[in-house]
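> below are the sequence and a predicted model for it; my questions follow.
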Amino acid sequence: MREIPAAELTRIVKDLCLKANTGLRPDVLEAVRASLAVETSPTGREVLEQVLQNAELAASEKLPICQDTGYVSVFIQLGQDVWLKGDIAEAINEGVRQAYAEGFLRKSIVARPIFGRENTGDNTPAFINIDLVAGDKVKIIVMPKGGGTENASRLRMLPVSKDADAVKRFVLEMAENAAKSCPPVIVGVGVGGSFDKVGLLAKKALLRPLSDKNPDPQLAAFEGELLTEINNLGIGPAGLGGKVTALGVKIETMPTHIACLPAAIAFNCIAARQAEATI
Amino acid sequence: MTIQIHTPLTVETVSSLKSGDKVEISGTIYTARDQAHKRIVAAIENGEALPFELAGQIIFYAGPAPTPPGKASGSIGPTTSARMDAVTPLLLEHGLKGVIGKGPRSQAVKDALSRYNAVYFAATGGVAALLSSYIKRVELIAYPDLGPEAVYKLEVENFPVIVAADAHGGDFYEQNRRLYKRA
């Protein structure tokens, strides 16, 4: 059993929060550059140029790429042969606390969702997901995510009889929400599992690099088909009209009940932020 | 062509703007988002003093990141305007001339823009480091307990926006999207 003090997570989470907030995801940067060859809307092109200028300025000045430095989603792949010794949640929250104070990042978390909504003042707590995996390594992925794109998320229990067609209709209906999520967006779709599992699937889909090809050929084709149809909606960069509404569609699936077809959709905005480390 | 405008806005300036116009704003603007709107509406309803005179002014739906040392402003950008739809007509009725945000507005807001001669500007979301370079001064003027949701007075120079909805019923979100939609 490999022992790692949980406090080690503090330093790592802090660094990842600072890195993610000031640097646009490299694959997104590349996709934005490539989309300039496709976009014909003059307004859309200007928005894409602004995105590139912003990424450069944020990196050189160490400024957050978006003022909404988000809630902090932390995904941990914990090797079963590792003992993270100590208070894991507190170690992570301390990392968030330090990064958001020292990095001049916005504090956007309210303690009680109803009856008050007082800001916690340090952007904690982080929203933590831990998956057990084989081995003696720990992978930590930090995804700060803004409230605008989060509000665009949807979950629906679909009719089993309609199969993939129901998923397609759901995604295209909900893709209208991309207009409010700082497009071009990345679309994460979860299908299967249960009510509680499917939302997390959609979030995990967002973590995949844009170049990542779905290993299932049917799903890979489905991702491509949905991307084309979403871009045909004309929403465009910043929602102001154009050809580039989404940079990618990623689908994650899992087994489900014979009576169920749960589906969830989540968006990442053009200020897609993500950083990871493995110990 | 880019149109230069200065705050406070006059009836003539607002009337001259058309949806899709590229505009650069200079002068004073004020931030207010969800919680600040709640308090401003309560102040109007109770006849209390407002954090600033609404007449001729522009509200920017934004909650800035803290200002780092040596900078005029932290990263700043628009939040989703639709969340303010329900209360925007009341503020326009009380003299507010412009709002800056992102995303489409309700028909009721667009009707109110025509009725009260006001304009809705879109700023680009997700480019907040870039937008901060157009902010020359940030001053917290009301509701400090709200943190990023407090009301900040901003001095801006050539702040870039697009006229998303004008005072004549024009809606750039709808008009321009129609050109690129392939059904």
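That came in fine, so what should we check first?
> so what does the lengthiest strand in chain B touch, helix or strand wise?
Identified as the longest strand of chain B according to DSSP state E is strand B:151-165. On a contact count with 3 or more CB pairs under 8 Å, 6 or more residues apart in numbering or on different chains; DSSP states H and E, strand B:151-165 meets strand B:22-31, helix B:107-116, strand B:119-122, strand B:135-142, helix B:172-180. Where C-beta positions appear, they are placed from N, C-alpha and C, glycine not excepted.
> of the ones you listed, which is nearest A:Leu219?
A:Leu219 sits nearest to helix B:172-180 of all these, at 27.6 Å, using CB to CB.
> buried ones in the closest one?
B:172-173, B:176-177, B:180 (16 or more other CB atoms under 10 Å in any protein chain shown).
> out of those, flag the one nearest to A:Ala6.
B:Tyr173 (47.7 Å).
> need the contact list for the closest one.
By CB atoms under 8 Å, 6 or more residues apart in numbering or on different chains, the contact list for B:Tyr173 reads A:179, A:239-241, B:103-104, B:122, B:164-165.
> out of those, who's the most crowded?
Comparing those on neighbour count, B:Ala164 comes out first with 31 neighbours (neighbours: other CB atoms under 10 Å in any protein chain shown).
> okay, stretch B:140-149 in PDB with CA atoms only?
Output of stretch B:140-149 as PDB, limited to C-alpha atoms (Å, rounded to 0.1, in the frame of the first residue of the first chain):
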ATOM      1  CA  LEU B 140     -17.100  49.600  -5.300                       C
ATOM      2  CA  ILE B 141     -20.100  51.900  -4.600                       C
ATOM      3  CA  ALA B 142     -22.800  49.800  -3.100                       C
ATOM      4  CA  TYR B 143     -23.700  46.500  -1.400                       C
ATOM      5  CA  PRO B 144     -20.200  45.400  -0.400                       C
ATOM      6  CA  ASP B 145     -21.500  42.400   1.300                       C
ATOM      7  CA  LEU B 146     -22.400  40.900  -2.100                       C
ATOM      8  CA  GLY B 147     -18.800  40.400  -3.000                       C
ATOM      9  CA  PRO B 148     -18.500  40.000  -6.800                       C
ATOM     10  CA  GLU B 149     -22.300  40.800  -7.000                       C
END
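> what residues does it touch?
With CB under 8 Å, 6+ apart, stretch B:140-149 has contacts from A:106-108, A:119, A:121, B:30, B:33-36, B:39, B:51-52, B:63-65, B:150-153.
> quick one: strands adjacent to the strand ranked longest in chain A?
In terms of residue count, the longest strand belonging to chain A (DSSP E) is strand A:246-256. Paired with strand A:246-256 in the same sheet, following DSSP bridges, are strand A:185-193 (parallel).
> what does the following helix or strand past the partner strand contact?
Scanning forward in sequence from strand A:185-193 by DSSP states H and E, the next helix or strand is helix A:195-207. With contacts defined as CB under 8 Å, 6+ apart, helix A:195-207 is touched by A:73, A:75, A:129, A:141, A:143, A:153, A:155, A:157, A:186, A:188-193, A:250-254, A:262-268, A:272, A:274.
> of the residues you listed, grab the buried ones for PyMOL.
A single PyMOL command selects the buried members of the contacts of helix A:195-207 (16+ other CB under 10 Å):
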select buried, chain A and resi 73+75+141+143+153+155+186+188+189+190+191+192+193+250+251+252+253+262+263+264+265+266+267+268+272+274
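> hmm, back to that, just the ones of the contacts of stretch B:140-149 in helices?
B:34-36, B:39 (DSSP state H).
> so which of the helices and strands packed on strand B:151-165 is the most surrounded?
Comparing these by mean neighbour count (mean count of other CB atoms under 10 Å in any protein chain shown), strand B:119-122 ranks first with a mean of 28.
> pLDDT (mean, whole number) over the next helix or strand after it?
Per DSSP H and E, the first helix or strand lying C-terminal to strand B:119-122 is helix B:128-132. Helix B:128-132 comes out with an average pLDDT of 98.
> same thing with stretch A:263-272?
Rounded mean pLDDT across stretch A:263-272 is 97.
> can you check stretch A:43-57 too?
Mean predicted lDDT for stretch A:43-57 stands at 97.
> swap in stretch B:110-117?
Average pLDDT, stretch B:110-117: 98.
> roughly how far out does it sit from the chain middle?
15 Å (CA atoms, centre = their mean, to the nearest Å).
> is chain A contacted by it?
No - contact of stretch B:110-117 with chain A (CB under 8 Å from any CB of the partner chain) is absent, the minimum separation being 15.4 Å.
> please work out which residues outside that stretch touch it.
Applying CB under 8 Å, 6+ apart, the external contacts of stretch B:110-117 come out as B:11, B:14-15, B:88-89, B:92-93, B:97, B:118-120, B:165-169, B:171.
> one more: stretch A:84-95?
Stretch A:84-95 is contacted from outside by A:3-14, A:16-17, A:74, A:78, A:124-126, A:128, A:130, A:138, using CB under 8 Å, 6+ apart.
> make it 10 Å
A:2-18, A:72, A:74, A:76, A:78, A:97, A:120, A:122-128, A:130, A:138, A:140, A:142, A:279 (CB atoms under 10 Å, 6 or more residues apart in numbering or on different chains).
> which of these fall within strands?
Counted as lying in strands by DSSP E, out of the contacts of stretch A:84-95, are A:2-5, A:72, A:74, A:76, A:78, A:127-128, A:130, A:138, A:140, A:142.
> are any of those residues buried, and if so which?
Neighbour counting by 16+ other CB under 10 Å classes A:4, A:72, A:74, A:76, A:78, A:138, A:140, A:142 among the ones in strands among the contacts of stretch A:84-95 as buried.
> what's the closest non-adjacent residue to residue 130?
Looking at chain A here, since you left the chain open. A:Ile76 (4.6 Å; CB to CB, 6 or more residues apart in numbering or on different chains).
> to clarify, I was referring to chain B.
Of all residues not flanking B:Leu130 in the chain, A:Asn54 sits nearest, at 4.0 Å (CB to CB, 6+ apart).
> give the buried residues for the host helix or strand of that neighbour.
Element membership for A:Asn54, per DSSP H and E: helix A:42-61. For helix A:42-61, a neighbour-count test (16+ other CB under 10 Å) marks A:43-48, A:50-52, A:54-55, A:57-58, A:61 as buried.
> how about stretch B:35-42?
Here stretch B:35-42 shows B:35-37, B:39-40 as buried, counting by 16+ other CB under 10 Å.
> from these, which are also near chain A?
Checked against chain A using CB under 10 Å from any CB of the partner chain, the buried residues of stretch B:35-42 yield the following neighbours: B:Gln35.
> and of the buried residues of stretch B:35-42, the nearest to chain A?
Closest approach between the buried residues of stretch B:35-42 and chain A, by CB to the nearest CB: B:Gln35, at 7.3 Å.
> just checking, that closest one touches B:Met84?
No - between B:Gln35 and B:Met84 there is no contact under CB atoms under 10 Å: 11.2 Å.
> what comes up buried for stretch A:225-241?
A:226-227, A:229-231, A:233-241.
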